[in-house]
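Chemist: Sequence and predicted structure below; questions after.
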Amino acid sequence: ETTEKFSGLRIKNRLVASAVLEDKFADLRFARIPDVKLDMRGRWATAGVLVEKTMKQGSTGSSYSIWKLSDMSPTDYVFTVFLFGQAHLDWHREDPGPVWAVV
């Protein structure tokens, strides 16, 4: 079990090496979930544990997913992500539990 440098989350069975994350986030501003603001400018990223997901159908009949990512802190801040189109098709079967980064 290691503590992820950017998010502060404790991670078991890490699938992406910390050096790879450092490279991917090098030109981004990383914000922990409680620090994400609606008016953030520039390139930024955040990360959290997928704790809840739902699938919905839009007015045009196409499906989409709503994910809730948590920082797993005692205050349990949550970041909501909407997946449409190819992102929904690729990831709608993902189970809660893994850590996800959003760029």
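Modeler: Perfect, I can see it now.
Chemist: now the residue lying closest to residue 4 once chain neighbours are set aside, which residues is it bridged with?
Modeler: Excluding the flanking residues, the one nearest residue 4 by Cβ to Cβ, 6 or more residues apart in numbering is residue 11, at 5.3 Å. Glycine gets a C-beta too; all of them are placed from N, C-alpha and C. Per DSSP bridges, the residues bridged to residue 11 are residue 2.
Chemist: Next one: residue 11 from residue 60, what distance?
Modeler: From residue 11 over to residue 60 the distance is 38 Å, taken as Cβ to Cβ, to the nearest Å.
Chemist: quick one: contacts of the longest strand along the chain?
Modeler: The longest strand of the chain (DSSP state E) is strand 44-57. Under the criterion Cβ atoms under 8 Å, 6 or more residues apart in numbering, residues 4, 6-7, 9, 25, 28-33, 36, 63-72, 78-79, 92, 94-103 lie in contact with strand 44-57.
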